[in-house]
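Colleague: One predicted model, sequence on top.
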Amino acid sequence: MTVPLLLTAILALTDSPATSDVEYVVGGGSLIGPTREDAAQILADESMTIACGRAEALNWWRARRDGGPAQTGNKLKSLEATVSIAFGHPKNPKNIDHVQGHVAELLWNRLMNERKVCRDGRQLVRAHPIKMDTLEPGGDGLVVYEDSHGTLVYRLWEIKKHDAKAAVSSTINKASKQLRERGHEYLAKLAGPETLTDDLALGELYANMTEWWYDRGERAGVGVSVGTSDHHSPTGVAAFKSIRTQFPDFTDSGQTESIVVAVPDFPGFANRVKEIVWSGL
């Protein structure tokens, strides 16, 4: 099977207006029919690529997904162990909330890696891969960029799925508060090991991330990403104002960002991603 390359195009993301204090994109409402299946296939493959890395297990999974024979013995057990972290096993499924949360994170992960250049000129250096277990403590997403002056900067993201009766702005507000209250912890857990890199500029960035977070300086920034159903899609800039409210010192262009992917029947879409992943067992 050939997996389509660009999820961004399939979701038909629309940029925020120039009048918005928060840079955001919204899309996914037209995800029906073949394009819906394409998107689900992309995310299933993305999940297994993150989980397996360069291990041969990824090729085993792809071959089985595409109609080949199932693995047996310890090879099958190793595949099942990998799949079960995020999705559970067909005989012991994962909690549906956890599956939907993972799919929301997969959407963010793919979109971050596809966005090589931002509206303010930042160029992607590294998007840290998401965790396979949504219950694992720590930050959800961290992205490093080089700005138009050649300086490395970072954005710390919180990623949520939204299925409440309340407006999606309530989930954006919750995520923004979580970043404000716990962002320093997320960075402190991550930064130390990353300073071991041979890249001196990256090492300096990671070594100072937490301090710069407290400074609310120009090298730091935040983002909130939400996966939800299309009837929750935000209708204007007001839905995102809590991000700037929680981080009033982040005033430069692109220091506060958001993504909302609102697809028809998000729970059903997440379930389809799970089914595709399970088809590789």
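Modeller: Looks like it arrived, so ask away.

Colleague: And Gly14, its phi and psi?
Modeller: One thing to correct before we go on: residue 14 is Thr, not Gly. As for Thr14, its main-chain torsions (degrees, to the nearest 10) stand at phi -110, psi 130.

Colleague: roughly how far apart are it and Thr256?
Modeller: 18 Å (C-beta to C-beta, to the nearest Å). From N, CA and C alone the C-beta is placed, and that goes for glycine too.

Colleague: again with Thr134
Modeller: 24 Å.

Colleague: So between these two, which is more surrounded?
Modeller: Thr256 (28 against 22; other C-beta atoms under 10 Å).

Colleague: centre of the chain versus the helix or strand where His184 lies, how much separation?
Modeller: Counting by DSSP states H and E, the element that carries His184 is helix 168-194. Computed by C-alpha atoms, centre = their mean, to the nearest Å, the chain-centroid distance of helix 168-194 equals 14 Å.

Colleague: tell me which residues in it are buried?
Modeller: Buried residues in helix 168-194, counted by 16 or more other C-beta atoms under 10 Å: 168-169, 171-176, 178-180, 183-184, 186-187, 190-191, 194.

Colleague: In space, what's closest to the most centrally placed residue in the chain - neighbours in sequence excluded?
Modeller: What sits nearest the mean C-alpha location of the chain, by C-alpha atoms, centre = their mean, is Trp108, with 2.6 Å. Of all residues not flanking Trp108 in the chain, Ser225 sits nearest, at 4.2 Å (C-beta to C-beta, 6 or more residues apart in numbering).

Colleague: try Glu158
Modeller: Leaving aside its sequence neighbours, Glu158 sits nearest to Ala175 (C-beta to C-beta, 6+ apart; 4.0 Å).

Colleague: residues in contact with the one you found?
Modeller: Glu158, Ile159, Lys160, Val224, Val226 (C-beta atoms under 8 Å, 6 or more residues apart in numbering).

Colleague: Out of those, flag the one nearest to Asp97.
Modeller: Distances from Asp97 to those, taken as C-beta to C-beta, are shortest for Lys160 (11.0 Å).

Colleague: Please state the backbone phi and psi of the closest one?
Modeller: Dihedral angles (degrees, to the nearest 10) for Lys160: phi -130, psi 160.

Colleague: tell me the pLDDT at it?
Modeller: pLDDT, Lys160: 97.

Colleague: In which helix or strand does Leu135 reside?
Modeller: Using DSSP H and E, Leu135 falls outside every helix and strand.

Colleague: and it, what is it in contact with?
Modeller: With C-beta under 8 Å, 6+ apart, Leu135 has these contacts: His98.

Colleague: so where is this protein shaky, pLDDT-wise?
Modeller: 1-4 (pLDDT under 70).

Colleague: What segments of the stretch 101-250 of the chain are strands?
Modeller: 123-127, 141-146, 152-162, 222-229 (DSSP state E, counting those that start in this stretch).

Colleague: List just the one of these that sits closest to Asn95.
Modeller: strand 152-162 (12.0 Å).

Colleague: Give me the helices and strands touching that closest one, please.
Modeller: Using 3 or more C-beta pairs under 8 Å, 6 or more residues apart in numbering; DSSP states H and E, the elements in contact with strand 152-162 are helix 96-114, strand 141-146, helix 168-194, helix 200-215, strand 222-229.
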